[in-house]
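Trainee: When you get a sec, could you give me coordinates for this:
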Amino acid sequence: MFGMRSRRKSISSRPRRTRTRNSRRDGRPTLRQAFHDANLRAKQRANRRMGRRHGLSSMQAAIAGTADDGMIHLNIGQRMLRWLTALMLLPLCVIATRALLNVGAASGAKQTFWRDLLISEHFFYFGIGCVLMMGWFFTGVLERLFLYFYVLGHELTHAVFVYACGGKVGGIHVTADGGYVMTNKSNALIALSPYFVPFWSVVILGISTMIGLFYEIPHHDHALYFLVGFSWSFHLLWTLWMIPRDQPDLKENGVFFSLVVIYLANVVVISILLCLALDDLSWHHWYNELVNSWEYLKSFMSKIDISSILNTKI
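Mentor: From the prediction side, this is the model:
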């Protein structure tokens, strides 16, 4: 309950309070926007309730404030298991990262591998696509359109992995403010797949492969590298933009565990793309560098005297 206030107000306090009230009003949505958001949330809840009657649950990409709606929460045991798994994956992150950075050594071109890659013709067109996408991203041009396509790719990736894991999809909802997939199956792979699978890059590669089987198009390779650079940077930039925005996919599996898996998977995806794109780099080279990185990590860990660290007095 509010207490009684004195009716006497100083003249100097009135404009300050007026400014405070105005600033609060500025942060509030308009009545029309509030009704629109409420209607959107009501429709989403109704769709999810209908899906749950058929044994389905929802997986969301949240942008505009519906992140906690219907989210599955982990118990203490599940959280501890996710944390331990993430800690066990950290050495693999180090190994995969070192193998990616030193993969030129395995191919016999340690000193010139990355330099030759950066000045290659393929990387030139790939870089043009990346720069163009970065320009659109940081200037905010066509932001709503790009958001819609990102959410569409995000939810379609969920759906593809649901089917790959033997589940079924009861419905997909996509808007520029977020989306969700109704499904009867959920696991870490399904939930986190959109954060490391560049959906539109995969679509472009698939279409390019199909076209290449039947037609020979001039400058096909140049266009392909340009579109892959554009779509991959689109995926990377919007994923980095989405992750800090309270994503249910990350919370449902534990944020620390999710971030470790996303990082490791993206490093592996980049390594695979390099092996596919470069003639001088093969799977054998990458495997050899992974083994070398594992030996390097073991050698480094063996030099650390843990007992002396524990016995050190502060």
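Trainee: buried set for stretch 247-255?
Mentor: For stretch 247-255, a neighbour-count test (16 or more other C-beta atoms under 10 Å) marks 247-254 as buried. C-beta coordinates here come from the backbone N, C-alpha and C atoms, glycine included.
Trainee: What about these, which are in helices?
Mentor: 248-253 (DSSP state H).
Trainee: For Leu100, state which of those residues is nearest.
Mentor: Among these, Leu250 lies closest to Leu100 (C-beta to C-beta), at 23.6 Å.
Trainee: contacting residues for the closest one?
Mentor: 192, 243, 258-259 (C-beta atoms under 8 Å, 6 or more residues apart in numbering).
Trainee: one step back: quick check: which of the buried residues of stretch 247-255 has the minimum pLDDT.
Mentor: Lowest pLDDT of those: Gln247, 76.
Trainee: Kindly provide the distance from it to Met301.
Mentor: For Gln247, the distance to Met301 equals 33 Å [C-beta to C-beta, to the nearest Å].
Trainee: Neighbours of Phe230, how many?
Mentor: 23 (other C-beta atoms under 10 Å).
Trainee: right, I mislabeled it, should have said Ile211
Mentor: Ile211: 13 surrounding residues under other C-beta under 10 Å.
Trainee: hang on, the earlier thing: select from the contacts of Leu250 every entry located in helices.
Mentor: Short answer: the contacts of Leu250 in helices (DSSP H) are 192, 258-259.
Trainee: Most neighbours out of those, which is it?
Mentor: Neighbour max across the ones in helices among the contacts of Leu250 (other C-beta under 10 Å) = Leu192, 24 neighbours.
Trainee: which among the ones in helices among the contacts of Leu250 gets closest to Leu227?
Mentor: Leu192 (25.1 Å).
Trainee: shouldn't the closest one be in contact with Asp249?
Mentor: Yes: with contact defined as C-beta atoms under 8 Å, Leu192 counts as touching Asp249 (6.3 Å).
Trainee: joint contacts of these two?
Mentor: Joint contacts of Leu192 and Asp249 (C-beta under 8 Å, 6+ apart) are Ser258.
Trainee: what bridges to Ile172?
Mentor: Beta-bridge pairing for Ile172 (DSSP bridges): Val181.
Trainee: number of nearby residues for it?
Mentor: If we define neighbours as other C-beta under 10 Å, then Ile172 has 16 of them.
Trainee: Tell me which residue lies nearest the centroid of this structure.
Mentor: For the chain, the residue nearest the mean C-alpha position is Tyr195 (2.9 Å; C-alpha atoms, centre = their mean).
Trainee: Quickly note the distance from that residue to Thr239.
Mentor: With C-beta to C-beta as the criterion, Tyr195 and Thr239 are 6 Å apart.
Trainee: Show the residue spans covered by the strands in the protein.
Mentor: 57-62, 169-175, 178-183 (DSSP state E).
Trainee: quick check: longest helix of the protein.
Mentor: Max-length helix for the chain by DSSP H is helix 76-101.
Trainee: If you count neighbours, what's buried in that helix?
Mentor: Those would be 82, 85-86, 89, 92, 94-96, 98-100, for helix 76-101 by 16+ other C-beta under 10 Å.
Trainee: With stretch 136-143 instead?
Mentor: Buried residues in stretch 136-143, counting neighbours by 16+ other C-beta under 10 Å, are found at 136-137.
Trainee: So Phe234 is in contact with Ile204, correct?
Mentor: No: judged on C-beta under 8 Å, Phe234 makes no contact with Ile204 at a distance of 10.7 Å.
Trainee: Just want to know which of those two has more residues nearby.
Mentor: Phe234 (25 against 19).
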